[in-house]
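J.: The sequence and its predicted three-dimensional model are supplied below.
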Amino acid sequence: QVQLQESGPGLVKPSQTLSLICTVSGGSITTNHYYWNWIRQPPGKGLEWIGVIDYSASTSYIPSLKSRTSISRDTSKNQFTLQLSSVTPEDTAVYYCVRDNGDWMFDYWGQGTQVTVSS
């Protein structure tokens, strides 16, 4: 059973960088054909896909956030990370790490972590 767990600070000040880690268990992030995503849900709004890192470490980001976003991985810890720079209160959301099984299906989700941007 694959499990994903987000971790990171729950409060970030405006203009700082939001950093989250997703720890994966029950499966390797380097296994072929799996894609590892970050998705967020602002309060009162729908889900928003942020970006992905795949099994070969290739990355892709939503254009609206691309200039502020970086996704990387640590294969020795089976983790992948999200960094979002120059945050504003509009980046306040529940952030999820999610696996795409390669068939455009998000099959495993972390429980989500609330991040609030406030001074």
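T.: Perfect, I can see it now.
J.: how about the residue most central in space within the chain, what does it touch?
T.: Residue closest to the mean C-alpha point of the chain, counted by Cα atoms, centre = their mean, is W38 at 2.7 Å. For W38, the contact set (Cβ atoms under 8 Å, 6 or more residues apart in numbering) comprises L20, C22, W49, I50, G51, V52, I71, L82, Y95, Y96, C97, V98. All C-beta atoms are positioned from the backbone trio N, CA, C, and that covers glycine.
J.: in the sheet, who's paired with it?
T.: Counting by DSSP bridges, W38 is bridged to G51, C97.
J.: per-residue pLDDT, it?
T.: W38 is assigned 98 on the pLDDT scale.
J.: Distance check, it against Q83.
T.: Applying Cβ to Cβ, to the nearest Å, the value for W38 to Q83 is 10 Å.
J.: Surely Y96 is in contact with G110?
T.: Yes - counting by Cβ atoms under 8 Å, G110 is a contact partner of Y96 at 5.4 Å.
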